[in-house]
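Participant: this one's sequence-less:
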């Protein structure tokens, strides 16, 4: 069994499904309305909707033959929290890397003579024994 977050990301991996979600964010739509911008059959659109439903991103109403699809953004909120946690991790990691590289750059600048050439070797650098 796949967890809900994995189903959400799998559903979002397809650009057609993302476009359908964007359309549904404006209000409910039928299969025909969702198919309009795409060169695909109603069956293909229905298949995409089933994936979105399986991920909990879409619910389908039932009103006789009219079965509008509606966006359910709750799984997107859970994905956003997960992404936010990793975004903070990478911001912290990249910030530390930036500080380290700046320190190296300043050290290199301090070891350069005013003429732009390398500084004279230090006693430690001359000690190769």
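Facilitator: Great, that's in hand. Small disclaimer: the values here were computed from a predicted structure and weren't measured.
Participant: mind listing the strands for this protein?
Facilitator: 58-60, 69-71 (DSSP state E).
Participant: Next, the buried residues of the last one.
Facilitator: Taking 16 or more other Cβ atoms under 10 Å as the neighbour-count basis, strand 69-71 is seen to contain the buried residues 69, 71. In this view, the C-beta of every residue, glycine as well, is placed from N, C-alpha and C.
Participant: circling back: mind putting the strands of the chain in TSV, mean pLDDT and distance to residue 83 included?
Facilitator: As requested, these are exported to TSV (pLDDT from 0 to 100; distance: least, Cβ to Cβ, whole Å):
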stretch	mean pLDDT	distance to residue 83
strand 58-60	94	20
strand 69-71	94	19
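Participant: which ones are touching the spatially closest residue to residue 32 that is not a sequence neighbour?
Facilitator: By the measure of Cβ to Cβ, 6 or more residues apart in numbering, the closest residue to residue 32 outside its immediate chain neighbours is residue 42, 6.7 Å from it. Going by Cβ atoms under 8 Å, 6 or more residues apart in numbering, residue 42 touches 31-32, 35.
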